[in-house]
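Q: any chance you could fold what I've pasted below:
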Amino acid sequence: MPSSDTVSRQRAFGGMLGIALLLFALVYRFYPELLYLHPAAPVRVASNEAPNAAANAPMGFDRRPDRSDGSQINAGPPLSLAPERVIAAERLAQLGGARSGTETPQVKALLDRADKARRAGRVTGADSAAAYYLEVLKLTPHDATAQAGLDALADRLVSDAGSALDAGDSDAALANINALRQIPDTAADVARLQQRLALLQKVRPLLVAAAERSKRGDSTTPAGSSALDLYRQVLGIDPQNSVARRGLERIQRGLLDRALSAVAQDDFAAAGSVLAQAAAILPGSQQLQNVQGQIEGVRQQRAQTLLTRANSAIDAGNPVLAQQLAQQAQTISPDVPGLGELAQRLRDARLYASYKPGQLFADNFLDTSGSAPAMVVIPAGRFEMGARDGSTGFRSNEAPQHEVSFATGFALSRSEITVGQFRQFVRATGYVTDGQRLGGANLYDDASGRMHDDVHASWRDDYEGQPAAADLPVINVSWNDAEAYVRWLSQVTGKTYRLPSEAEYEYAMRGGTTTAYWWGNGTPATVVENLAGALDHSASGRSWANFFKGYGDGFWGPAPVMHFQPNPFGLYDIDGNVSEWTADCWHENYVRAPRDGGAWINPGCVQRVVRGGSWASSPEQDRSAYRIDATATTRSARVGFRVARKL
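A: Numbers count the residues shown, from 1 in each chain. Got it, this is the predicted structure:
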């Protein structure tokens with residue numbers, strides 16, 4: 001065990017330590033300034049430094065972070081993101097709650113007076129919040145409440161001065177700057193504000209003149225002295241001048257409103273011009289981008305509406321109106337979607353009356369049931385008509401070879417007119433054919449292998465005089481009979497039907513080819529038409545004397561229409577089955593022949609042109625250039641017809 005002396009010494013040391021701690025606690029409670037442990041005064045920074053720098057100062061032992069839910073500083077988004085005026089006001093409002101409660105009676109009285117003066121709006125001067133805060137700091141140089149109060153007052157004055165400068169109010173700005181001078185440690189803020197005030201006083205006459213010109217309506221004119229020019233001069237002197245900036249925004253807004261008004265009147269050209277002026281004032285401004293988006297949306301919508309109307313005009317058969325609407329749409333928006341497709345439709349409308357090359361259609365009868373023969377749209381184009389002198393099979397009536405152009409398309413019946421279709425015409429009209437009036441037609445006799453006249457033959461018969469099936473091409477009809485049929489077809493459909501011209505027939509038969517036949521220059525590699533082939537034989541075993549070698553299609557005499565392949569233009573039996581009447585009068589050659597594809601007609605002519613090969617034609621007669629004449633009353637088992645239609 002320790003000795004009694006040791007125990008005594010330990011007790012004495014413990015007692016002294018207890019007394020020291022008690023004295024320290026009493027001094028800290030009632031005289032903290034003696035220990036320099038008073039809540040630390042926040043360090044004020046100039047308004048252009050980090051607003052939260054003071055918050056980084058060390059805290060005294062009696063301070064803790066304020067976690068009050070009602071505090072805007074410690075809850076939600078940082079107060080530093082708010083405007084300076086809001087920050088200053090918040091700091092002033094919180095000064096009452098920031099008191100430490102350890103002030104001497106004299107300091108407490110001064111702080112109370114400061115709060116009262118602050119609430120009354122007396123910031124600087126003899127009986128002001130700033131004066132009382134300074135008195136407190138004289139008594140307690142490190143008083144956090146007084147220092148925070150001065151900092152908040154300074155922030156408020158800096159904010160008010162800045163707002164006055166932004167508004168162009170130099171008098172209010174000067175008053176706030178002078179008040180700010182009375183607060184210590186504000187020299188940097190005063191200098192910065194003084195610099196801005198000097199700039200404002202320098203540009204103030206320009207701002208006043210610009211405002212006057214704006215009121216008179218001289219926002220952009222006259223050049224050099226308009227409000228726009230004056231605001232630009234101000235910004236050249238003071239690039240941060242908010243008054244001038246707002247002036248430019250107002251002028252731009254006025255121009256943007258004019259652009260929108262022009263758009264409302266469908267004057268997109270004027271709108272574009274005004275929009276360009278607006279863009280030159282404040283390029284890339286939000287209001288400019290918004291209006292540009294609005295106008296572009298209206299532009300596209302208006303252009304699309306015009307395109308829709310143009311398409312409807314085409315559908316209604318009015319390509320002139322459609323063209324006008326398309327031009328308007330292109331003027332409004334050159335890149336509007338669908339413009340290319342509309343241009344193609346307009347081209348088709350001009351060339352093909354809204355049809356398309358190769359399109360198949362059939363016109364319905366107007367007052368009765370039934371429809372016209374199926375028609376194929378033949379494309380516009382050009383070709384060399386006739387044969388070149390010296391070419392295989394050339395005949396003088398096929399010369400001179402010459403170019404024929406078709407400015408617009410036309411339509412040809414897909415196949416030869418059938419017995420069934422001709423019967424419909426006869427039943428509807430009671431028409432009497434030339435064969436019935438003049439006595440018979442020219443038929444084939446298999447016993448002799450020759451053609452012969454039969455006074456009893458008519459369009460109802462086949463090539464041997466037997467009743468013809470409805471799907472066979474009608475034969476034993478004259479040019480006059482064919483003309484009567486197309487006149488009737490025009491009446492019952494309301495469309496213009498006719499016999500094709502000789503040029504149309506050859507152009508359509510060639511189908512874009514330049515060879516002797518539409519399938520090439522010799523015997524077809526496959527079965528393409530009803531031709532005279534070496535492999536074909538009659539019922540009695542006869543064969544052709546002049547034929548395509550190695551070819552056989554299985555028919556002797558006409559075949560049902562569309563039994564074989566179509567040519568490149570989609571036409572069946574165009575160079576086989578039966579030869580066909582055309583509208584032209586016969587001419588011995590092509591000298592002075594039309595170059596536009598029209599029929600070559602001489603009033604009162606008797607001889608007409610027959611084109612295309614038949615089931616009994618020799619290879620020379622199947623050539624695309626081959627042509628032969630016949631009187632308008634000729635009826636033959638080798639000749640029929642097809643019809644053309646104007647688009």
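Q: give me the mean pLDDT for stretch 248-264.
A: Confidence over stretch 248-264 (mean pLDDT, whole number) is 96.
Q: and that stretch, how far from the chain's centre?
A: A distance of 25 Å separates the C-alpha centroid of stretch 248-264 from that of its chain, computed with Cα atoms, centre = their mean, to the nearest Å.
Q: just the C-alphas of it, formatted as CSV.
A: Written as CSV, here are the backbone C-alpha positions of stretch 248-264 (Å, rounded to 0.1, in the frame of the first residue of the first chain):
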residue,chain,number,x,y,z
LEU,A,248,-32.0,44.1,-78.5
GLU,A,249,-34.3,41.4,-77.3
ARG,A,250,-37.3,43.7,-77.6
ILE,A,251,-36.4,44.7,-81.1
GLN,A,252,-35.8,41.1,-82.1
ARG,A,253,-39.2,40.1,-80.5
GLY,A,254,-40.9,42.8,-82.6
LEU,A,255,-39.3,41.4,-85.8
LEU,A,256,-40.3,37.8,-84.8
ASP,A,257,-43.9,38.9,-84.3
ARG,A,258,-43.8,40.5,-87.7
ALA,A,259,-42.5,37.2,-89.1
LEU,A,260,-45.3,35.2,-87.5
SER,A,261,-47.9,37.7,-88.8
ALA,A,262,-46.5,37.2,-92.3
VAL,A,263,-46.8,33.4,-91.9
ALA,A,264,-50.4,33.8,-90.8
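Q: contacts for that stretch?
A: By Cβ atoms under 8 Å, 6 or more residues apart in numbering, the list of residues contacting stretch 248-264 from outside reads 214, 219-220, 227-228, 231-232, 235, 268, 270-272, 274-275, 277-278, 281-282, 285, 287-288, 291, 294-295, 298-299. Bear in mind the C-beta positions are built from the backbone N, C-alpha and C, glycine included.
Q: need the pLDDT of A20.
A: The per-residue pLDDT reported for A20 equals 74.
Q: just give me the neighbour total for it.
A: Using other Cβ atoms under 10 Å as the criterion, A20 is surrounded by 10 other residues.
Q: what do you get for F548?
A: The tally of other residues near F548 (other Cβ under 10 Å) stands at 22.
Q: and it, what is it in contact with?
A: Residues near F548 by Cβ under 8 Å, 6+ apart: G522, T523, P524, L531, A532, G533, A534, P619.
Q: can we see that at 6 Å?
A: F548 makes contact with T523, L531, G533, P619 under the criterion Cβ atoms under 6 Å, 6 or more residues apart in numbering.
Q: again, but for G449
A: Contact partners of G449, counting by Cβ under 6 Å, 6+ apart, are R542.
Q: in helices, which of the contacts of F548 fall?
A: Among the contacts of F548, no member falls in helices (DSSP state H).
Q: which one of those residues is nearest to P473?
A: Set against P473, the nearest of these by Cβ to Cβ is L531 (14.7 Å).
Q: my read: that closest one touches G576, true?
A: Yes - counting by Cβ atoms under 6 Å, L531 touches G576, with 5.0 Å between them.
Q: who has more neighbours out of those two?
A: Using other Cβ under 10 Å, the more surrounded residue of L531 and G576 is L531, with 29 against 26.
Q: relative to R623, how far out is that one?
A: From L531 across to R623, the span is 12 Å (Cβ to Cβ, to the nearest Å).
Q: repeat for L17
A: Noted for L17: a distance of 137 Å to R623, by Cβ to Cβ.
Q: these two: who's more crowded?
A: Summary of the neighbour comparison: L17 and R623, criterion other Cβ under 10 Å, with R623 having more neighbours (24 against 10).
Q: from N521, how far off is the more buried one?
A: Here the criterion is Cβ to Cβ. By it, R623 lies 10 Å from N521.
Q: any weak-confidence spans in the protein?
A: Within the chain, the stretches falling below the threshold (pLDDT under 70) are 1-15, 18, 25-101.
Q: could you pick out the longest strand of it?
A: strand 579-585 (DSSP state E).
Q: what packs against it?
A: Using 3 or more Cβ pairs under 6 Å, 6 or more residues apart in numbering; DSSP states H and E as the contact test, the elements touching strand 579-585 are helix 502-510, strand 607-611.
Q: contacts for it, please.
A: With contacts defined as Cβ under 6 Å, 6+ apart, strand 579-585 is touched by 479, 482, 499-502, 505, 599-602, 605, 609-612, 614, 638-642.
Q: what pairs with that strand, and is each one parallel or antiparallel?
A: Counting by DSSP bridges, the strands paired with strand 579-585 are strand 607-611 (antiparallel), strand 639-640 (parallel).
Q: from the chain's centroid, how far away is it?
A: When C-alpha coordinates are averaged (Cα atoms, centre = their mean), strand 579-585 and its chain have centres 50 Å apart.
Q: could you dump that strand to CSV, C-alpha only?
A: Only the C-alpha atoms of strand 579-585 are listed here, as CSV (Å, rounded to 0.1, in the frame of the first residue of the first chain):
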residue,chain,number,x,y,z
SER,A,579,-53.5,-8.5,-139.0
GLU,A,580,-55.2,-5.3,-137.9
TRP,A,581,-56.8,-2.2,-139.4
THR,A,582,-55.3,1.3,-138.7
ALA,A,583,-56.8,4.7,-139.1
ASP,A,584,-54.4,5.9,-141.9
CYS,A,585,-55.0,6.3,-145.6
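Q: and the contacts of stretch 332-347?
A: Counting by Cβ under 6 Å, 6+ apart, stretch 332-347 makes contact with F268, R299, Q300, R302, A303, L307, A310, I314, A322, Q323, A326, A329, all of which sit outside it.
Q: determine which two of those residues are furthest apart.
A: Of all pairs drawn from those, the one with the largest separation by Cβ to Cβ is F268 and I314; the distance is 23.6 Å.
Q: all strands of this protein, in order?
A: Listed in chain order, the strands of the chain (DSSP E) span 360-361, 375-378, 381-385, 402-406, 410-413, 441-445, 450-454, 497-498, 579-585, 607-611, 627-631, 639-640, 644-645.
Q: now the fourth one and helix 502-510, what's the angle there?
A: Between the axes of strand 402-406 and helix 502-510, defined by axes from the mean of the first three to the mean of the last three Cα atoms, to 10 degrees, the angle is 90 degrees.
Q: check the third one too.
A: Using the same axes, to 10 degrees, the direction of strand 381-385 lies 100 degrees away from that of helix 502-510.
Q: strand partners of strand 381-385, parallel vs antiparallel please.
A: Sheet pairing of strand 381-385 (DSSP bridges) gives strand 402-406 (antiparallel).
Q: and what of the second one?
A: In the sheet, strand 375-378 lines up against strand 360-361 (antiparallel), strand 410-413 (antiparallel) (DSSP bridges).
Q: according to the record, where do the domains of this structure fall?
A: Described in terms of automatic domain parsing, the domain architecture of the chain consists of the residue ranges 4-30, 35-185, 202-283, 297-352, 375-439+474-632+641-645.
Q: what about the last one, distance to the chain center?
A: Taking Cα atoms, centre = their mean, one finds the center of domain 375-439+474-632+641-645 at 48 Å from the center of the full chain.
Q: could you work out the end-to-end span of that domain for me?
A: One end of domain 375-439+474-632+641-645 to the other measures 8 Å (Cα to Cα, to the nearest Å).
Q: gap between I314 and A329?
A: 13 Å.
Q: now L255
A: 26 Å.
Q: what's the closest of the domains of the chain to D461?
A: With respect to D461, and counting by Cβ to Cβ, the nearest of these is domain 375-439+474-632+641-645 at 6.3 Å.
Q: the closest residue to V639 other than its chain neighbours: neighbouring residues, count only.
A: Closest residue to V639 apart from its sequence neighbours, by Cβ to Cβ, 6 or more residues apart in numbering: S579 at 5.0 Å. By the other Cβ under 10 Å criterion, the neighbourhood of S579 contains 26 residues.
Q: ok, Y352 touching P379?
A: No - if you go by Cβ under 6 Å, Y352 and P379 don't touch, sitting 7.9 Å apart.
Q: ok, W459 - contacts?
A: Contacts of W459 by Cβ under 6 Å, 6+ apart are F422, T433, V474, N476, V477.
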